[in-house]
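Chemist: take a look and give me a structure for this.
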Amino acid sequence: MVRVKARGNETVEQMLRRLKKMCEKEGLNRDIKRNSYYEKPSERKRRRQRKSQRRGPEE
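Modeler: Now for the predicted structure:
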């Protein structure tokens, strides 16, 4: 869970900016987008295969 504590005389906008950066670093935005709609297991498998093909063989 991401938490943001106020630093000194920090404004709300600055805290919100820090919160967004922390969420992005944790990958929460990606998870929310992925879970916002249902993906069939066959589509999930196909997406993972395409992703592994793009990486290429690891040596």
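Chemist: now do the helices in this structure.
Modeler: 12-26, 28-35, 41-55 (DSSP state H).
Chemist: now tabulate these in JSON lines and tack on distance to Val4, mean neighbour count and mean pLDDT.
Modeler: Placement of C-beta: from N, CA and C, glycine included. Below are the helices of the chain laid out as JSON lines (distance: least, C-beta to C-beta, whole Å; neighbours: other C-beta atoms under 10 Å; pLDDT from 0 to 100):
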{"stretch": "helix 12-26", "distance to Val4": "5", "mean neighbour count": "12", "mean pLDDT": "92"}
{"stretch": "helix 28-35", "distance to Val4": "13", "mean neighbour count": "11", "mean pLDDT": "84"}
{"stretch": "helix 41-55", "distance to Val4": "32", "mean neighbour count": "10", "mean pLDDT": "88"}
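Chemist: okay, those helices in CSV with distance to Met1 next?
Modeler: Formatted as CSV, the helices of the chain follow (distance: least, C-beta to C-beta, whole Å):
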stretch, distance to Met1
helix 12-26, 9
helix 28-35, 10
helix 41-55, 26
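Chemist: minimum distance to Ala6: which of those has it?
Modeler: Proximity to Ala6 (C-beta to C-beta) singles out helix 12-26 among the helices of the chain, at 6.2 Å.
Chemist: ok so, going back, so which of the helices of the chain is nearest Lys5?
Modeler: Evaluated over the helices of the chain, closeness to Lys5 peaks at helix 12-26, with 8.5 Å, by C-beta to C-beta.
Chemist: so that closest one versus helix 28-35, what angle?
Modeler: 60 degrees (axes from the mean of the first three to the mean of the last three C-alpha atoms, to 10 degrees).
Chemist: helix 12-26: how far from the chain's middle?
Modeler: In terms of C-alpha atoms, centre = their mean, to the nearest Å, the centre of helix 12-26 is found 13 Å from the chain centre.
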